[in-house]
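In: any chance you can model this:
(one chain, ligands or ions: 1)
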Amino acid sequence: MAAQAQQETALDQIHDSAQDDSVRDREISVEQQHLDRVYRRLEEKIHEAEFLMNDAAQRGQVGTPGALAERDAQVFRAGIHLNRLNNEFEDFLFGRIDLLLGKDGKKGPDGAYTAVEPAEGVVQVDETGQYATIAETLHIGRIGVLDADYAPLVIDWRAPAAAPFYRSTPVDPGRVVRRRVIRSKGRKVLGVEDDLMRPELKATLDGRELPVIGDGALMAALGQARSHTMRDIVASIQAEQDLVIRAPAASVTYVEGGPGTGKTAVALHRAAYLLYQDRRRYAGGILIVSPTPLLVAYTEGVLPSLGEEGQVAIRAIGSLVDGAEATLYDSPAVARAKGSYRMLKVLRKAARGALETPGGSPGRSTAAGGRSEQLAFGEEAAPAPAGTPTRLRVVAFGRRLELEAAELDRIKHNALSGTAPVNLLRPRARKLLLDALWAKSGAGTRHTDPELAAELRSSFDEDVASEDSFIDFVNAWWPELTPRGVLAAMADERRLGRWARRILNPGEVRRVARSLKRDGLSVHDVAMLDELQAILGMPVRPRKRRELDPLDQLTGLEELMPVREESQRERAERLAQERVEYAHVIVDEAQDLTPMQWRMVGRRGRQATWTVVGDPAQSSWSDPDEAAEARDEALGSRPRRRFTLTVNYRNPAEIAELAAKVLALAMPGSESPSAVRSTGVEPRFVATNKADTGVRDSLAQTVRAEAARLLDRVDGTVGVVVAMNRREEAARWLAGLGERVVALGSLEAKGLEYDATVVVSPAEIADESPAGLRVLYVALTRATQQLTIVSGDRDEPDANGVPDLLRD
Ligand SMILES: Nc1ncnc2c1ncn2[C@@H]1O[C@H](COP(=O)(O)OP(=O)(O)OP(=O)(O)O)[C@@H](O)[C@H]1O
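Out: Below is the predicted model:
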């Protein structure tokens, strides 16, 4: 009997699932029909754009300036249009909402009704419950497409009419009854996933009950394997994230949220939204500052997938200064000295001190006639020892005139007392030299008539200033300083000691000087270079003129028209490079910026609006209060709009719970975001067997074995996170395991994620810097599915292998 019941249940299930499959297939084919219509329309539009291009080319042959200007503008617009259509042809339709009738009957510019709330009385009740009719269906995609009658076939995801797709929740559904995510590849619809916003409502569309397919799009998206590049989340943005993405761009939008809450994703989507919403305003460019080149590479594809790249520059914090690229790391102690406000004072002294003659500060006599380093090196050059002249000799009005070392020092001291950037004080120094020589010449007493005296003085200045000996002297005595030159001078411990007196302690001076002797730059050096650039002031150099198209000159459309052979992308890159200030600045992982880095970033957005996203609990900077002060200085008095993201989309609950233990140590009292899903797989703890093979070998073997094990268990990537000083060693441990696995230093793991991670020796990571516990918290929150902790030499694992830092 029981067996028969079981059989019947099984048969029922087969029957249900066959029915489900046929409903699913029918729904897929409904969406396929819509997609086919959209493609037909897109093809028409592409033909239109091509026609416009040809038409424009014909006008070019007419040759009058007016016709040429019109041609250029038309080609430009048609080119952009074609480019977008071609680029976004793939996978661009991803959503649909089915809506109740709205409160008013107004339509927006995209052809959709604008009301958010349903009209009164559209939901009716009978003995079977609530029922209603679907009044409007909207499809959402990466770009908007209207049909030939201007009715919306696809709504751009950033348009106001698309907002309910993201904002509607079962608690606050508005007009939305069903939200559907459509999965497609090229021209083929592969699947649909539905979420019901009003599950209690029986809704009909074209006389048929609205079917619901799948378990919801979010879970489907979160469960997918990770690759080495981030995907956009445009099909499953959640309501609290959407509020940030669409927040008005006034002043500063400030977003906090724990690991995995989507801060980076939200920041990128916000850039795309701002461009859509006010393209003209953001033609000034959007800068996204990212903490590491690894995170730049990881996130780089998201904006193009949203149809935006031209106006957005994503730069690592170590690549913000043109021509400089950070490749080195500083020890925590050196980083602390270089990144803090104290360094600002040192740099100000160094910039002036770099002109001083050896053995004393400017103004003190150097009668010993010593020689000093020549500091006017080119961008790449190291300081070349050369003579700083200690005597100036010229011949003027037939007389030999001389200034001695003491006088020269006095003049230099005087000139440096000005507040202008050091390089811009050079003309003032030159003028003071001429004054001193003029006084020596005694010619000032020759005429009492002021006009004649002035004439004489001006011909004296002209004579002297054109003399080779004077020109050579000024060049050697007051060379033009470059940021790199001053930084190189700071590598001299003795000189740095003088400039950093009572600011850095002797140990810091020694370590900083030593670090500046290395070949290459660290992220902190780059911020110092930028500061020096501001302190020194760069004399204006003639800009390299790019080749001009004669037609551009004719029409004056030089900036509007892409130059021949320069693609849209190259043009965007060129503009980004030439640009120093931006219209909007987005700072990702803002908690990590040092005071000096905030100053550098601040200079790029003096007139900008800002979006700042971060998580104080993940800060690797040792003095968060000082950084907060610098951040407030960079952002000025602009009002802040604050948002908090509360849901962790990355880590399953099992991993989030473990990480929360470290958070409690790192920042007692702060709250973890709640994990949105659970996998049932607990983190694994492995202790190395030191007795067998020795600690080092054992660690290598254990980590390799764990990485191999995880590669078998997940489809995507595996990250092995070690303390910074073990990076190279760890890469060797993993040799030959393939491209899906990577070794990372703790600081490099920032912002990244992997299907599975191995965190090696929590104690080593926690001990490596004053912010070590927060860095460990970052390391523990990188996995989307599985996590293994391998204890090292410094950990004290219990019988289950759980190291002390991760026990209750
Ligand atoms: N609404 C969403 N739909 C689908 N996936 C999402 C959503 N929000 C976030 N995610 C995914 O969650 C993961 C974490 O997102 P993201 O890296 O932006 O978080 P974060 O807050 O910047 O994390 P961290 O502070 O650790 O760097 C990513 O894989 C992202 O694609």
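
In: the residue in the stretch 551-700 of the chain positioned nearest to the ligand: what's it in contact with?
Out: Proximity to the ligand, evaluated over the stretch 551-700 of the chain using CB to the nearest ligand atom, is greatest for Y649 at 3.6 Å. For the C-beta atoms, the positions are set from N, CA and C on the backbone; glycine is no exception. By CB atoms under 8 Å, 6 or more residues apart in numbering, the contact list for Y649 reads L218, L222, G260, T261, G262, V676.

In: just the pLDDT for it.
Out: Y649 is assigned a predicted lDDT (pLDDT) of 93.

In: residue in the stretch 651-800 of the chain nearest to the ligand?
Out: Counting by CB to the nearest ligand atom, the stretch 651-800 of the chain gets nearest the ligand through G751, at 4.1 Å.

In: if we can go back for a sec, show the overlap between the contacts of Y649 and what lies near the ligand.
Out: Subset of the contacts of Y649 in contact with the ligand: L218, L222, G260, T261, G262, counting by CB under 6 Å from any ligand atom.

In: distance to E27 added to those residues, as JSON lines?
Out: Listed next are the ones next to the ligand among the contacts of Y649 as JSON lines, based on distance: CB to CB, whole Å:
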{"residue": "L218", "distance to E27": "19"}
{"residue": "L222", "distance to E27": "22"}
{"residue": "G260", "distance to E27": "31"}
{"residue": "T261", "distance to E27": "32"}
{"residue": "G262", "distance to E27": "28"}
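
In: tell me how far the nearest residue to R399 once chain neighbours are set aside lies from the ligand.
Out: Distances taken as CB to CB, 6 or more residues apart in numbering place S441 nearest to R399, at 6.2 Å, with adjacent residues excluded. Here the criterion is CB to the nearest ligand atom, to the nearest Å. By it, S441 lies 69 Å from the ligand.

In: filter the contacts of Y649 down to just the buried residues.
Out: For these, a burial check counting by 16 or more other CB atoms under 10 Å picks out L218, L222, G260, T261, G262, V676.

In: picking up where we left off before, contact partners for the residue of the stretch 651-800 of the chain closest to the ligand?
Out: Shown in contact with G751 (CB under 8 Å, 6+ apart): T264, S290, P291, T292, L295, Y298, T299, D588, E589.

In: ok, which residues in this protein are in contact with the ligand?
Out: The chain comes close to the ligand at residues 218, 221-222, 233, 236-238, 241, 257, 259-265, 615, 618, 649-650, 751, 753, 781, as judged by CB under 6 Å from any ligand atom.

In: give me the subset of the residues you listed lying in helices.
Out: Cross-referencing the residues of the chain next to the ligand against helices under DSSP state H gives L218, A221, L222, Q241, K263, T264, A265.

In: so among these, where is pLDDT lowest?
Out: Out of these, that is A221, at 72.

In: and for that residue, the neighbour number?
Out: For A221, the neighbour count with other CB atoms under 10 Å is 16.

In: isn't it right up against S236?
Out: Yes. Using CB atoms under 8 Å, A221 makes contact with S236 at a distance of 4.8 Å.

In: ok, and what's touching stretch 235-247?
Out: 94-95, 158, 163, 166-169, 172, 181, 217-218, 221, 233, 253, 255, 262, 265-266, 269-270, 273, 641, 643, 645-647.

In: buried ones from these, can you make that a ChimeraX selection?
Out: A single ChimeraX command selects the buried members of the contacts of stretch 235-247 (16+ other CB under 10 Å):
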select :94,95,158,163,166,167,168,181,217,218,221,233,253,255,262,265,266,269,270,273,643,645,647
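
In: in strands only, show me the contacts of stretch 235-247.
Out: F94, G95, V181, T253, V255, R641, F643, L645, V647 (DSSP state E).

In: got a list of what the residue nearest to R399 touches?
Out: Counted by CB under 8 Å, 6+ apart, S441 has contacts A396, F397, R399, L401, F460.

In: could you report the pLDDT at it?
Out: Note on S441: pLDDT of 85.

In: what do you get for G108?
Out: 74.

In: in the stretch 401-550 of the chain, which residue sits closest to the ligand?
Out: For the stretch 401-550 of the chain, CB to the nearest ligand atom, closest residue to the ligand: V523, 17.6 Å.

In: ok, now the stretch 301-450 of the chain?
Out: Closest residue of the stretch 301-450 of the chain to the ligand, CB to the nearest ligand atom: V302 (9.0 Å).

In: what is the burial count for that residue?
Out: Using other CB under 10 Å: V302 sits among 24 other residues.

In: how's the protein carved up into domains?
Out: If you go by the TED database, the domain ranges for the chain are 23-224, 334-357+406-539, 653-806.

In: out of these, the one nearest R281 is which?
Out: Of all these, domain 23-224 sits nearest to R281, with 14.5 Å by CB to CB.

In: what distance separates the start and the end of that closest one?
Out: End-to-end distance for domain 23-224, by CA to CA, to the nearest Å: 24 Å.

In: what's the answer for stretch 742-754, then?
Out: End-to-end distance (CA to CA), stretch 742-754: 10 Å.

In: show me which residues of it are buried.
Out: For stretch 742-754, by 16+ other CB under 10 Å, it's 742-754.

In: cool, and stretch 276-288?
Out: For stretch 276-288, burial by neighbour count (16+ other CB under 10 Å) applies to Y276, Y282, G285, I286, L287, I288.

In: where's N475, which helix or strand?
Out: helix 468-477 (DSSP states H and E).

In: picking up where we left off before, okay if I get the ones in helices among the residues of the chain next to the ligand as JSON lines plus distance to L532?
Out: Converted to JSON lines, those look like this (distance: CB to CB, whole Å):
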{"residue": "L218", "distance to L532": "48"}
{"residue": "A221", "distance to L532": "46"}
{"residue": "L222", "distance to L532": "46"}
{"residue": "Q241", "distance to L532": "39"}
{"residue": "K263", "distance to L532": "32"}
{"residue": "T264", "distance to L532": "31"}
{"residue": "A265", "distance to L532": "36"}
